[in-house]
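A.B. asks: no FASTA, just this:
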């Protein structure tokens, strides 16, 4: 558990009091999102659980569209709340499904975003659930070498963010993710200019999966680096077009891999155990 400052502890206690109410106002929800501290009762490092800064989540939402949205490793629903809030001003409100394994986070998330469908589950088990196809998959996943029980369909190395992106590729037409800059395939945040990475783990993952990582609207996340709780990661918002990348071109015939076969392949991977925390999420 993190050691909170007096002001952090006081604000966290106020957030808990608000969560005891049957219904929260929008102002109260914002207060909880900003001040409910994920490290107060949980060991963040081993699980990689670091929630997205509130204002950064709303910048993130500019890259998200569609109607059906799935939030993988949703935490207390920060990203989903921002997407839901913005979608209310469109033609129809987003239909959001939140996947989160921590029951405490799910309980808080249900109070903050009751409009979403909340499922307490491991993100690497999602392909077995028959949830159907989504327009967008979103996530601020744990970063680095996080302990897990199984692998994604195509990826079996250490970086958890790539496991989540690989799972998302088989669930949605598009994806938007917050990842460490070293896992983004490009350098933009905190830099003088945009540049593609020519080597490294992100380049290898894109070659493995046939995916291409883009910068979307181009949010410089370095602006929010001091607004994370307990960490200050240099990260990027990565956008991926899954719709074309998940199709295999067999001459003139295009083949879409069935989800059932993908899930079975995921089960065939040997589980990898790791207890060393790599990067902040």
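C.D. replies: Done, it's in. Bear in mind that the values here come from a model prediction, so they are computed numbers and not experimental data.
A.B. asks: which strand residues bridge the closest residue to residue 131 other than its chain neighbours?
C.D. replies: Closest residue in space to residue 131, ignoring its immediate chain neighbours: residue 97 at 6.6 Å, by C-beta to C-beta, 6 or more residues apart in numbering. Glycine gets a C-beta too; all of them are placed from N, C-alpha and C. Counting by DSSP bridges, residue 97 is bridged to residue 70, residue 117.
A.B. asks: I'd say residue 97 and residue 135 touch.
C.D. replies: No. Using C-beta atoms under 8 Å as the test, residue 97 is too far from residue 135 to be in contact (11.5 Å).
A.B. asks: shared neighbours of these two, anything?
C.D. replies: The contact sets of residue 97 and residue 135 overlap at 68-69 (C-beta atoms under 8 Å, 6 or more residues apart in numbering).
A.B. asks: distance of residue 243 from residue 211?
C.D. replies: Here the criterion is C-beta to C-beta, to the nearest Å. By it, residue 243 lies 11 Å from residue 211.
A.B. asks: looking at the two, which has the bigger crowd around it?
C.D. replies: residue 211 (24 against 12; other C-beta atoms under 10 Å).
A.B. asks: just list the residues touching that one, thanks.
C.D. replies: 165, 169, 205, 240, 242, 245.
A.B. asks: any quick PyMOL command for the buried ones out of those?
C.D. replies: To isolate the buried ones among the contacts of residue 211 in PyMOL, judged by 16 or more other C-beta atoms under 10 Å, type:
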select buried, resi 165+169+205+240+242
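A.B. asks: now tell me which of the contacts of residue 211 the prediction trusts least.
C.D. replies: For those, the least confident position by pLDDT is residue 245, scoring 81.
A.B. asks: coming back round to it: more neighbours, residue 97 and residue 135?
C.D. replies: Neighbour totals were compared for residue 97 and residue 135, and residue 97 leads with 22 against 17 (other C-beta under 10 Å).
A.B. asks: quick check: pLDDT value at the more buried one.
C.D. replies: Predicted confidence (pLDDT) for residue 97: 98.
A.B. asks: residue 277 now?
C.D. replies: Residue 277 carries a pLDDT value of 26.
A.B. asks: name the helices or strands packed onto the lengthiest strand in the chain?
C.D. replies: If you go by DSSP state E, the chain has its longest strand at strand 172-180. Helices and strands touching strand 172-180, by 3 or more C-beta pairs under 8 Å, 6 or more residues apart in numbering; DSSP states H and E, are strand 134-139, helix 160-169, strand 235-241, helix 242-245.
A.B. asks: give me whichever of the ones you listed is most buried.
C.D. replies: Most buried of those, by mean neighbour count (mean count of other C-beta atoms under 10 Å): helix 160-169, with a mean of 27.
A.B. asks: just how off-centre is that one within its chain?
C.D. replies: The chain centre lies 9 Å from the centre of helix 160-169; the measure is C-alpha atoms, centre = their mean, to the nearest Å.
A.B. asks: and that helix with strand 172-180, angle?
C.D. replies: 170 degrees (axes from the mean of the first three to the mean of the last three C-alpha atoms, to 10 degrees).
A.B. asks: now do the strands in the stretch 151-281 of the chain.
C.D. replies: Taking DSSP state E, counting those that start in this stretch as the criterion, the stretch 151-281 of the chain carries its strands at 172-180, 186-187, 195-196, 213-214, 235-241, 247-250, 253-256.
A.B. asks: ok, the stretch 1-150 of the chain next?
C.D. replies: Under DSSP E, counting those that start in this stretch, the stretch 1-150 of the chain gives strands at 68-72, 95-100, 117-120, 134-139.
A.B. asks: top helix in the chain by residue count?
C.D. replies: The residue-count maximum for a helix in the chain (DSSP state H) belongs to helix 6-19.
A.B. asks: what number of residues lie near residue 101?
C.D. replies: As a burial measure, residue 101 scores 17 neighbours (other C-beta under 10 Å).
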